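[1] Quick one: sequence plus predicted model below, questions after.
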Amino acid sequence: MDFIKVLNLILKSFTEEDIQYALIGGFAMGSWGIMRSTVDLDFLVNSADLDKIEKIMTGYTYKNIYKTENVSQYISDLKPFGQIDFLHAFRRISLSMLKRAVERPIFNSKYNIRVVIPEDIIGLKIQAMSNDISRELLEYADIQLLMERFGEKLNWKLIGEYFKLFKKEERYEEFKKKHSKTK
């Protein structure tokens with residue numbers, strides 16, 4: 001995937017159509033200084049914008065290959081365009097993530113892009129491993145990296161809510177003890 005080319009097109013269209021979005025996944029971690037290889041782009045989007053997103057994506061030769069109430073995936077036959085996944089925000093918690101998203105520089109500050117904050121990346125990772133136990137080691141490794149990097153700067157109360165939501169309070173206490181001076 002040609003990330004620069006794709007993001008240039010997508011972000012321009014998102015701005016023109018007033019799409020509520022935030023970057024999530026591996027690329028979002030990179031925007032926070034934690035490099036991780038990734039082969040696609042992942043966005044959190046307001047579900048109210050899904051019709052506009054469909055129009056944008058099909059306009060750039062993407063085909064919708066999977067869609068549920070919660071997610072949609074688009075892929076292009078054109079190799080530089082690759083795959084883009086969308087997580088649909090319609091619940092209070094995911095809509096709050098969109099509101100908290102911040103502008104972050106990417107590609108040596110060539111572009112600015114809305115990205116979910118580290119606490120919300122952690123929340124999404126807890127959700128991902130709860131939905132698919134085979135992802136647990138990878139997701140916990142990413143959570144560990146985020147906590148090592150941001151430690152005391154993190155909103156531990158918000159992180160605790162995510163762990164509690166997915167019934168992982170014991171693991172939260174372990175992480176908090178290791179990465180936060182606040183007990």
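    It's in.
[2] going forward, measure contacts between C-alpha atoms and count neighbours the same way
    Will do.
[3] And the pLDDT for the closest residue to residue 181 other than its chain neighbours?
    Distance criterion Cα to Cα, 6 or more residues apart in numbering; nearest residue to residue 181, sequence neighbours excluded, is residue 152 at 6.9 Å. We note a pLDDT of 90 for residue 152 in this prediction.
[4] Can you name the residues that contact residue 152?
    Applying Cα atoms under 8 Å, 6 or more residues apart in numbering to residue 152 gives the contacts 179-181.
[5] how about these in a markdown table, adding neighbour count and distance to residue 18?
    Written out in a markdown table, the entries for those read as follows (neighbours: other Cα atoms under 10 Å; distance: Cα to Cα, whole Å):
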| residue | neighbour count | distance to residue 18 |
| --- | --- | --- |
| 179 | 18 | 38 |
| 180 | 17 | 38 |
| 181 | 9 | 41 |
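[6] Tell me which of these has the lowest pLDDT.
    Comparing pLDDT over the contacts of residue 152, the lowest reading goes to residue 181, 77.
[7] wait, isn't residue 65 in contact with residue 75?
    Yes. Look at residue 65 against residue 75 with Cα atoms under 8 Å: they come within range, at 6.9 Å.
[8] More neighbours: which of those two?
    Neighbours per residue, other Cα atoms under 10 Å: of residue 65 and residue 75, the larger number sits with residue 75, 20 against 11.
[9] That one belongs to a helix?
    No. Secondary structure assignment places residue 75 outside any helix; it is strand (DSSP: H, G, I helix; E, B strand; the rest coil).
[10] That one pairs with what?
    When assigned by DSSP bridges, residue 75 has beta-bridge partners residue 63, residue 83.
[11] Using CSV, write out the CA atom coordinates for stretch 167-183.
    What follows is stretch 167-183, C-alpha atoms only, in CSV (Å, rounded to 0.1, in the frame of the first residue of the first chain):
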residue,chain,number,x,y,z
LYS,A,167,-13.8,-8.0,32.8
LYS,A,168,-10.0,-7.7,32.9
GLU,A,169,-9.6,-5.7,36.2
GLU,A,170,-6.9,-8.0,37.5
ARG,A,171,-4.7,-7.3,34.5
TYR,A,172,-5.4,-3.6,34.9
GLU,A,173,-4.1,-3.7,38.4
GLU,A,174,-0.9,-5.4,37.2
PHE,A,175,-0.3,-2.7,34.5
LYS,A,176,-1.2,0.2,36.8
LYS,A,177,1.2,-1.1,39.5
LYS,A,178,4.0,-1.4,37.0
HIS,A,179,3.5,1.9,35.0
SER,A,180,1.8,4.4,37.3
LYS,A,181,3.0,5.9,40.6
THR,A,182,-0.7,6.5,41.5
LYS,A,183,-2.0,3.4,43.3
